[in-house]
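Asker: Sequence first, then the predicted structure, then my questions.
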Number of protein chains: 6
Amino acid sequence: MTELNRLDLGKKTLAQVDGPAADNVMNSLKDIAPDVGKYIFEFAFGDIYNRPTLDLKQREMITITSLLTQGDTAAQLDVHINAALNVGLSETEIIETFIQCLPYVGFPKVLNAINVAKEVFKNRE
Amino acid sequence: MTELNRLDLGKKTLAQVDGPAADNVMNSLKDIAPDVGKYIFEFAFGDIYNRPTLDLKQREMITITSLLTQGDTAAQLDVHINAALNVGLSETEIIETFIQCLPYVGFPKVLNAINVAKEVFKNRE
Amino acid sequence: MTELNRLDLGKKTLAQVDGPAADNVMNSLKDIAPDVGKYIFEFAFGDIYNRPTLDLKQREMITITSLLTQGDTAAQLDVHINAALNVGLSETEIIETFIQCLPYVGFPKVLNAINVAKEVFKNRE
Amino acid sequence: MTELNRLDLGKKTLAQVDGPAADNVMNSLKDIAPDVGKYIFEFAFGDIYNRPTLDLKQREMITITSLLTQGDTAAQLDVHINAALNVGLSETEIIETFIQCLPYVGFPKVLNAINVAKEVFKNRE
Amino acid sequence: MTELNRLDLGKKTLAQVDGPAADNVMNSLKDIAPDVGKYIFEFAFGDIYNRPTLDLKQREMITITSLLTQGDTAAQLDVHINAALNVGLSETEIIETFIQCLPYVGFPKVLNAINVAKEVFKNRE
Amino acid sequence: MTELNRLDLGKKTLAQVDGPAADNVMNSLKDIAPDVGKYIFEFAFGDIYNRPTLDLKQREMITITSLLTQGDTAAQLDVHINAALNVGLSETEIIETFIQCLPYVGFPKVLNAINVAKEVFKNRE
């Protein structure tokens, strides 16, 4: 696969998964760090999200778990809770994913993620 | 549900999920902090793992993602990579779960988790 | 102890420790993740805060240390700096707790926690 | 070197590196935790920044890398992106420093740091 | 206070708190980074541990909480669990400190700290 | 640039930077997760390390800072302390890089990194 293909494939996948939220991220990078936007297209969405074995629902479940656990990721959780809903996870499955993290990360990180989800769910109504 | 029921339910679930690996954790807690073992049974495996909405394969996928992202969890990853295999995830699905984390946590944490998986897969052959 | 008792005990302890701040957390969970609120009552405040050996002042000193060290916990530090004052720690003891963390976590996390404390102290005047 | 000398040296170095941004940090500490301000002068800027082997440009490159990697450090990144520019790093070198972190920490932390840089660069125009 | 005094004071405090464990740390730094050893004496033990408001038992309770929460600190937890015992905390109080962290950090970090404590307690018998 | 070129470029750069240490990482990935090795070549060393603006000495200084700050990265620090020496940083510059992190991360992470450096320096003698 040529680099052009990776870029196009990543753009297509990102549009399918994140929709308009992704445009905001790319626009904010345009003037200051356009190559970071290119790597998000090529590496994250071109290379990784198009791999076999796991479907997009599983990939977003893993992504929101990793973001919750990492902390200081409210902006990215906003994008990927939207993405999780876009690819077919239900609100209940997203909250349940966060609850499954409780024994491993404790309450603060789970409460932070629930607060972001609350805003996302309200804004999509 | 009474506390006794939570304890019994947790013990049953943990035995189903982790098998002998869980016994080692519980034995190592017996003399020094037995209540922590009780909370693992009651809260983690009695309350959380028995909740509806997600199945055990999804719960272990979330757990290994959270452990990978957290770092300094080689011992717990060992237990839960075994647990993931016990409840039906394939080796390929486990590695693919780690690869999905790459754009969000970078290479070091993913390499650490793969190293633990490599040992677990070898020991179960 | 039955589950009902754990819930009641946790509610009583949380009211004593956190006062109105806890109500806000519980209200924000009511519609989206009520079980997380239940686990905070039962597990955190029913099971853990009522254990022997350490008093509530020591428990809150440990809690604000853990929140400071963890990072991305401004909302939880707000609740627990209030709680620390409620159970009898002085403003000076709270700041001194943060200063003791300096050699172990560096300045940024300590400055973040002091900023939260500054707001809490001002709001309680 | 006496303590007085460390304090004076630190104040001089901090003024050179951070300029007015440092005054804000010190003023915010004045009433609530003045000794933390003293330690920033004496230890961070008196002892460490005046050591040989690395110049101030290298020290700020290391500092913004450590802050980016740590997370939950937007306020400190603001101060030290300004400091990096003050001691002679270019905007391009700062963004490139963040990009070098991509393989080691993933996209979320790099995006967070770029967002802070974007504000700093705009405010200095 | 002159720098010499800070160094002497730190050495005295560290000897009182950590005993022989501290010697090992200092010896391991001697050839490769002796100034880091000097800063541990001067800043950590000269400046911080000698401050008023909190006693050494409280300071070690805070320290082991911060180390547990931070993760990847087994070597430092070994030193400071010993230090906690040296200044008068009981084994039960140390384990209870770790248990109080459970709702805030989850099980993996608490289990890691308990494993270190288990070794320390056994070695001191 | 085609993908083949990115792979070849990454292999050439990694050989130049890490030498035999990189071979060990790649060999350990060969059977279990060969694509992760491919991404290290293509993305980390093909795309990122070959970018303009910063030289390899600066890139390794940033890398060891990020690894130190992240924690639980002893294996990666081993590789990249070697890499830092390979591209021309001195032992003194590496230790000084770690010391510059002290005010931002505290002593434990710096001590961990120094311990890895000590082993690397000894093994290369």
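Answerer: Ah, there it is.

Asker: drop to CA atoms for contacts and neighbour counts, all remaining ones
Answerer: Noted.

Asker: Relative to chain D, which residue of chain A is the closest?
Answerer: Nearest to chain D in chain A, going by C-alpha to the nearest C-alpha, is A:Asp72, at a distance of 5.5 Å.

Asker: Which of the three states applies to that residue?
Answerer: Of the three states, A:Asp72 takes coil according to DSSP: H, G, I helix; E, B strand; the rest coil.

Asker: What is the neighbour count of it?
Answerer: 23 (other C-alpha atoms under 10 Å in any protein chain shown).

Asker: ok, it touching D:Asp72?
Answerer: Yes - A:Asp72 is within contact range of D:Asp72, at 5.5 Å (criterion: C-alpha atoms under 8 Å).

Asker: shared neighbours of these two, which are they?
Answerer: Taking C-alpha atoms under 8 Å, 6 or more residues apart in numbering or on different chains as the contact rule, A:Asp72 and D:Asp72 both touch C:71-72.

Asker: Chain neighbours aside, what residue packs nearest to A:Asp47?
Answerer: Here the nearest residue to A:Asp47 in space, its sequence neighbours aside, is A:Arg6; by C-alpha to C-alpha, 6 or more residues apart in numbering or on different chains that works out to 6.9 Å.

Asker: And the pLDDT for that neighbour?
Answerer: Per-residue pLDDT puts A:Arg6 at 92.

Asker: In chain A, which residue sits closest to chain F?
Answerer: Across chain A, the shortest distance to chain F (C-alpha to the nearest C-alpha) belongs to A:Thr2, at 4.6 Å.

Asker: The helix or strand containing A:Val110 vs chain C: in contact?
Answerer: When elements are assigned from DSSP states H and E, A:Val110 belongs to helix A:107-124. Yes - in this structure, helix A:107-124 sits against chain C according to C-alpha under 8 Å from any C-alpha of the partner chain; the contacting residues are A:107-109, A:114, A:118.

Asker: still on that earlier bit, dig out what the residue of chain A closest to chain F forms beta bridges with.
Answerer: According to DSSP bridges, the residues that bridge with A:Thr2 are F:Thr2.

Asker: you'd agree it is up against F:Arg6?
Answerer: No - when contacts are counted by C-alpha under 8 Å, A:Thr2 is not listed as touching F:Arg6 (9.8 Å).

Asker: now chain A, which segments are flagged as low pLDDT?
Answerer: Screening chain A residue by residue with the criterion pLDDT under 70, one finds the ranges A:1, A:3.

Asker: Around chain B, pick out the residues from chain A.
Answerer: For chain A, the residues in contact with chain B (C-alpha under 8 Å from any C-alpha) are A:43-44, A:48-49, A:53-54, A:59, A:61-63, A:65-67, A:69-70, A:92-93, A:96-97, A:99-101, A:103-105.

Asker: Now the residue nearest to the spatial centre of chain A. Nearest residue, chain neighbours left out?
Answerer: For chain A, the residue lying nearest the average C-alpha position, counting by C-alpha atoms, centre = their mean, turns out to be A:His80 (2.8 Å). Among residues not flanking A:His80 along the chain, A:Ile64 sits closest, at 6.4 Å (C-alpha to C-alpha, 6+ apart).

Asker: residue contacts, that neighbour?
Answerer: By C-alpha under 8 Å, 6+ apart, the residues touching A:Ile64 are A:77, A:80-81.

Asker: could you redo those as CSV and give each row secondary structure?
Answerer: Rendered in CSV, the data for these read as follows (three-state DSSP):
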residue, secondary structure
A:Leu77, helix
A:His80, helix
A:Ile81, helix
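
Asker: export those to TSV and tack on distance to E:Val87?
Answerer: Below are those laid out as TSV (distance: C-alpha to C-alpha, whole Å):
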residue	distance to E:Val87
A:Leu77	44
A:His80	48
A:Ile81	48
